[in-house]
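Student: Provided below are the primary sequence and the corresponding predicted coordinates.
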Amino acid sequence: MDKNSYVKFETPESVEKKLLDLVENSFRGGKIKKGTNEVIKSIERGESKIVVIAEDVSPPEVVYYLPMLCEERKVPYAYVKKRSDLGSKVGIASAASISVVDYGKGEEIFKQIVSELTEMKK
């Protein structure tokens, strides 16, 4: 199974930068869930505002179902290139996926990201 099996679209670099900022701000002033099991629980409980998935997850089965689950539950999601970039924003070495449960003061960035993702998927 290769990474293309779960990466459904290319996230533009400008959006990826905003995503990482949102994740970092949410980690500092809001609330996030890290680790695929926690992310899945937060999606299923309806707590997720947005899910961020790393493209370099190995094995890909770890995050394979996240995009489908997000689409089923109408939760926006996007990708970042590296687990290490995602992890560094939340105080760990690397993270396969993160769920933003409360974006704190990052509401504007959140709305921008969601509208850009919506435009992109049309």
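Tutor: Perfect, thanks for sending it.
Student: host element of the most centrally placed residue in the chain?
Tutor: The residue lying closest to the centre of the chain (C-alpha atoms, centre = their mean) is Val52, at 0.8 Å. Using DSSP states H and E, Val52 falls within strand 50-54.
Student: after that strand comes which helix or strand?
Tutor: helix 66-72.
Student: which helices and strands does that next one pack with?
Tutor: Contact analysis of helix 66-72 by 3 or more C-beta pairs under 8 Å, 6 or more residues apart in numbering; DSSP states H and E lists helix 36-44, strand 50-54, strand 77-80 as its packing neighbours. For the C-beta atoms, the positions are set from N, CA and C on the backbone; glycine is no exception.
Student: any idea which of the ones you listed is most buried?
Tutor: strand 50-54 (a mean of 26; mean count of other C-beta atoms under 10 Å).
Student: just want the angle from it to helix 36-44.
Tutor: 150 degrees (axes from the mean of the first three to the mean of the last three C-alpha atoms, to 10 degrees).
Student: hmm, back to that, next, format the helices and strands packed on helix 66-72 as JSON lines and append distance to Val101.
Tutor: Shown next, in JSON lines, are the helices and strands packed on helix 66-72 (distance: least, C-beta to C-beta, whole Å):
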{"stretch": "helix 36-44", "distance to Val101": "6"}
{"stretch": "strand 50-54", "distance to Val101": "10"}
{"stretch": "strand 77-80", "distance to Val101": "14"}
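Student: which stretch among the ones you listed comes nearest Thr118?
Tutor: Closest to Thr118 of those is strand 77-80 (C-beta to C-beta; 11.1 Å).
Student: for the closest one, name the packing helices and strands.
Tutor: Strand 77-80 packs on helix 13-29, strand 50-54, helix 66-72, going by 3+ C-beta pairs under 8 Å, 6+ apart.
Student: got the CA positions of the helix or strand following that strand in PDB?
Tutor: Remark: after strand 77-80, the chain's next helix or strand is helix 83-88, criterion DSSP H and E. Output of helix 83-88 as PDB, limited to C-alpha atoms (Å, rounded to 0.1, in the frame of the first residue of the first chain):
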ATOM      1  CA  ARG A  83       5.000  13.800  10.300                       C
ATOM      2  CA  SER A  84       8.000  15.700  11.800                       C
ATOM      3  CA  ASP A  85       6.500  19.100  10.900                       C
ATOM      4  CA  LEU A  86       3.100  18.100  12.400                       C
ATOM      5  CA  GLY A  87       4.700  16.700  15.500                       C
ATOM      6  CA  SER A  88       7.000  19.700  16.100                       C
END
